[in-house]
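Student: when you get a sec, could you give me coordinates for this:
(chains A and B)
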Amino acid sequence: DIQMTQSPSSLSASVGDRVTITCRASQSISSALNWYQQKPGKPPNLLIYAASSLQSGVPSRFSGSGSGRDFTLTISGLQPEDFASYYCQQSYTTPTFGGGTKVEIK
Amino acid sequence: EVQLVESGGDLVQPGGSLRLSCAASGFTVSSSYMSWVRQAPGKGLEWVSAFYSGGTTYYADSVKGRFTISRDTSENTLYLQMNSLRADDTAVYYCARQIGRSTTFDYWGQGTLVTVSS
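Tutor: Numbering: from 1, shown residues only, chains lettered A, B, ... in the order given. Next up, the predicted model:
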């Protein structure tokens, strides 16, 4: 299975900050990388698919980039509703998820 | 509107069995790729099993031989039969729809909690 490594595992940020989360695959996955947001007690919500495509209804402050093994999720101008956990997931083969990044209020 | 509603989660003893259901609306399960994904308490996400529209099924190594995924097209429902349950199967189980033939999950249910404990 392809292993997905996310960093950091947690971060503290303030409203308005620019936040970057990285995800590295154990082998090349082309652009087959998705990002999800999850709030406590709720299911994951698809934010970004195919590394950089914004899912319908997701605010444009979320963006994704990368290809091959290294990927980035950026939140430009953190909003109060963005404090949550974020997961990357490869869709190149049998799906696997990163360990998650918890974004907390500073 | 697409909706997925899971049910069937419960407290079960190690070695026991449980069947989870995922009732779909707003689309047809028979023409979609569907998966079960689980999340142990306080942990990350783990893909468990998939049912593709042609009838092909897939399983994670951790559940192979113990879990069986199936669907009922007349009920528009996805199922997960879970046998020989272990403590490390304790998790919230989500069903999720896949976009086309990809393994990108665009709709998720609210989840159902399975607790395996004596």
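Student: report the contact partners of residue A:51.
Tutor: In this structure, residue A:51 makes contact with A:31-33, A:64-67, A:71, judged by CB atoms under 8 Å, 6 or more residues apart in numbering or on different chains. To be clear about C-beta, it is placed using only N, CA and C from the backbone, and glycine gets the same treatment.
Student: partner strands of the helix or strand hosting residue B:48, with direction?
Tutor: When secondary structure is defined by DSSP states H and E, residue B:48 falls within strand B:45-51. If you go by DSSP bridges, strand B:45-51 pairs up with strand B:34-39 (antiparallel), strand B:57-59 (antiparallel).
Student: sorry, back to before: what's the closest of the contacts of residue A:51 to residue B:104?
Tutor: The nearest member of the contacts of residue A:51 to residue B:104, counting by CB to CB, is residue A:32 at 8.4 Å.
Student: hmm, that closest one is touching residue A:92, no?
Tutor: Yes - counting by CB atoms under 8 Å, residue A:92 is a contact partner of residue A:32 at 3.9 Å.
Student: who's more crowded, those two?
Tutor: residue A:32 (21 against 17; other CB atoms under 10 Å in any protein chain shown).
Student: for that one, give me its contacts.
Tutor: Counting by CB under 8 Å, 6+ apart, residue A:32 touches A:50-51, A:90-92, B:102.
Student: before we move on, what about residue B:93?
Tutor: B:6, B:9, B:20, B:36-38, B:48, B:80, B:111-114.
Student: ok, 10 Å please
Tutor: Residues in contact with residue B:93 (CB atoms under 10 Å, 6 or more residues apart in numbering or on different chains) are B:6, B:8-9, B:18, B:20, B:22, B:36-39, B:48-49, B:80, B:82, B:109, B:111-114.
Student: skipping adjacent residues, who's closest to the closest residue to chain B within chain A in space?
Tutor: Proximity to chain B, evaluated over chain A using CB to the nearest CB, is greatest for residue A:43 at 3.7 Å. Spatial nearest neighbour of residue A:43, excluding adjacent residues (CB to CB, 6 or more residues apart in numbering or on different chains): residue B:108 at 3.7 Å.
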